[in-house]
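Enquirer: need a structure here:
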Amino acid sequence: MRRFVPRFLTSLTARLVIAFVIVTMISLALIVATLPRLLDGYFAQQSTNDLERRAGVAKLEIAREVTRYQHSGGEASRPILAPTDPLTAADGLRAVLGTPDSGFGFELAQIVQANVTIRIAADPDHPDVIAYELFVPLPDAFAQPGQQREAISSNPNAGVLSFDDEFWTQSGSGAPQRLVTVTLSDPLTYRAQTLETIVGILTVAAVIALAVAIIASVFIADRLTKPIRGLTGAARELSEGHLDTRVTSGSASPEVNELAEAFNAMAERLQRSIEFIRKDRDRSRDFLADVSHELRTPIAALRTFNELMGEEHTMDDATRDEFIEQSRQQIDRLDWLATNLLELSKLESGLVLLDLRPDDLRAVVENAVQQAIPSAERKDVNLKMNVPEEPLRQMHDPQRLGQVLNNLIGNAIKFTPPGGKVEVSLEDTPAGAEIRVVDTGVGIDPQELPMVFDRFYRGGNAHESRAAGSGLGLSIVRQIVEMHNGRVAITSSPGAGTQVSVALPRDVSVSSPAAVHA
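Expert: Next up, the predicted model:
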């Protein structure tokens, strides 16, 4: 079926509009179908009550006429019924009430707008025995525009009268009571026209309400689907590579706002992931290029030595020994380079977990200094240590932090000329602890400071001793310090020495998925 339905009718906006219109149509249909019936019953009751009031008016008019007739004969009351067998209305009363076509009864039918029936019972104890009855039909010609006959009758009790009736054949005796009953039937009313008018008004109102509902539903559906269209457009832009796309909902619906927030959070995480992947790709590419470059030099040297050593007729023993020593140094360099590359690769990939312990930091500093004393003595460098007298306990990985200090102290000794000084200090700070390694060595050019932590960087105009390293030591230092949630900074100037400071926070438990030992 969907193939035969226009696409715009299957959209969420169209479905909402159709749903709103269908609900409105059902509501209006129920109103139009039920309200006239309810009103018809109400108007029928009102017509019955009105007919009872008309019967009361007719009773008063007849009572006035009959009373006038009874007292029009002087002191003695004129009888209502004639002394015949059976009893019947007196001729005078007949003349007063008139005929179905003229007289008082005909005028009364016009006043009450209904057929009038007047009955006089022969005996008050037997009201069903009728001595006289006059039926006056109201001609249809007297109907007003919009009036129609209604098949209802008034309650007979509403038009019951009683009169004293004295017969001249019963002079001196008590006058009997005569019951006169007035009944109205088939009155002319406006009920049908009123219902027809109401139904017409309801129909027009329903059409207008349906039109308003369609316009309002289009507006409401557009407002409801606008945030969803925005999310769709943002998702499309995100799929096309615009990772900075975000959604501003501004909707009054909390569900839509939550959806927009979830989308923005997803986009933010996706952007960070893509950027991390790109950086990791670039880092891997650079890492591979750097490794290839660094391995090329010792391999080329070894190949040259091997070729020269193969030419035995051109090489004496001293030269051979020198080549063998050079080859050994290149092999050591390859081993050192491979070891550091593996270590740096594991640190950057997150394969290394910190073994955090709440130990005394003084022990790490003291062990690193003790290990560096022989190297400092061989180079005639004064190595000093300054640590607090009180234990300085905080979470750290002793082995990795010792690796950091070994690299920093080793670099300081290597780049400090004989007679120079290297000082290692540990201080307690409000944020945690700070370790400083200060030397009086050759220093670093200010233009090279931002690059000293890059892999394989040894300085373009570096001292000969600086160029002899692998260029990985400070990169490893930075990785380990950042795993401790710390920061490493370096300040230096040529000929004035270098200072490297490592700031370690007290709480490092959130820096990595480390195993913490109490």
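
Enquirer: where does the stretch 51-200 of the chain have low pLDDT?
Expert: The model of the stretch 51-200 of the chain has pLDDT under 70 over residues 73-76, 124, 158-175.

Enquirer: helices of that one, start to end?
Expert: Assigned by DSSP state H, counting those that start in this stretch, the helices in the stretch 51-200 of the chain fall at 91-97, 104-112, 191-239.

Enquirer: wait, which of those helices is closest to Val404?
Expert: Nearest to Val404, of all the helices of the stretch 51-200 of the chain, is helix 191-239, at 41.1 Å by C-beta to C-beta. Placement of C-beta: from N, CA and C, glycine included.

Enquirer: re the thing from before, highest mean neighbour count out of the helices of the stretch 51-200 of the chain?
Expert: Highest mean neighbour count among the helices of the stretch 51-200 of the chain (mean count of other C-beta atoms under 10 Å): helix 104-112, with a mean of 19.

Enquirer: which strands and helices sit next to that one?
Expert: With contacts taken as 3 or more C-beta pairs under 8 Å, 6 or more residues apart in numbering; DSSP states H and E, helix 104-112 sits against helix 12-70, helix 91-97, strand 115-123, strand 126-136.

Enquirer: give me the residues contacting it.
Expert: 54-55, 57-58, 61-62, 65, 96-100, 115-116, 118, 134, 136-138, 142, 184, 187 (C-beta atoms under 8 Å, 6 or more residues apart in numbering).

Enquirer: if any of the residues you listed are buried, put those into a ChimeraX selection.
Expert: A single ChimeraX command selects the buried members of those (16 or more other C-beta atoms under 10 Å):
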select :54,55,58,61,62,65,96,97,98,115,116,118,134,136,138,184,187
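
Enquirer: may I see the helices and strands packed on helix 104-112 arranged in TSV, with distance to Arg78 as well?
Expert: Compiled in TSV, the helices and strands packed on helix 104-112 are given as follows (distance: least, C-beta to C-beta, whole Å):
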stretch	distance to Arg78
helix 12-70	5
helix 91-97	6
strand 115-123	14
strand 126-136	15
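
Enquirer: out of these, deepest packed?
Expert: Once neighbours are counted as mean count of other C-beta under 10 Å, the most buried of the helices and strands packed on helix 104-112 proves to be strand 115-123, having a mean of 22.

Enquirer: export only the CA atoms of that one, formatted as PDB.
Expert: Provided in PDB are the C-alpha atoms of strand 115-123 (Å, rounded to 0.1, in the frame of the first residue of the first chain):
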ATOM      1  CA  ASN A 115     -57.000  22.100  20.300                       C
ATOM      2  CA  VAL A 116     -59.300  22.700  23.300                       C
ATOM      3  CA  THR A 117     -61.600  20.000  24.800                       C
ATOM      4  CA  ILE A 118     -64.100  21.100  27.500                       C
ATOM      5  CA  ARG A 119     -65.900  18.400  29.500                       C
ATOM      6  CA  ILE A 120     -68.600  18.700  32.200                       C
ATOM      7  CA  ALA A 121     -69.200  15.700  34.400                       C
ATOM      8  CA  ALA A 122     -72.900  15.000  35.300                       C
ATOM      9  CA  ASP A 123     -72.000  13.900  38.900                       C
END
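
Enquirer: I'd like to know which elements that strand is packed against.
Expert: helix 104-112, strand 126-136, strand 177-185.

Enquirer: what's the helix or strand for Val369?
Expert: Assigned by DSSP states H and E, Val369 falls within helix 361-378.

Enquirer: please tabulate the helices of the stretch 51-200 of the chain in TSV, including the columns distance to Arg269.
Expert: Putting those into TSV (distance: least, C-beta to C-beta, whole Å) gives the following:
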stretch	distance to Arg269
helix 91-97	102
helix 104-112	87
helix 191-239	12
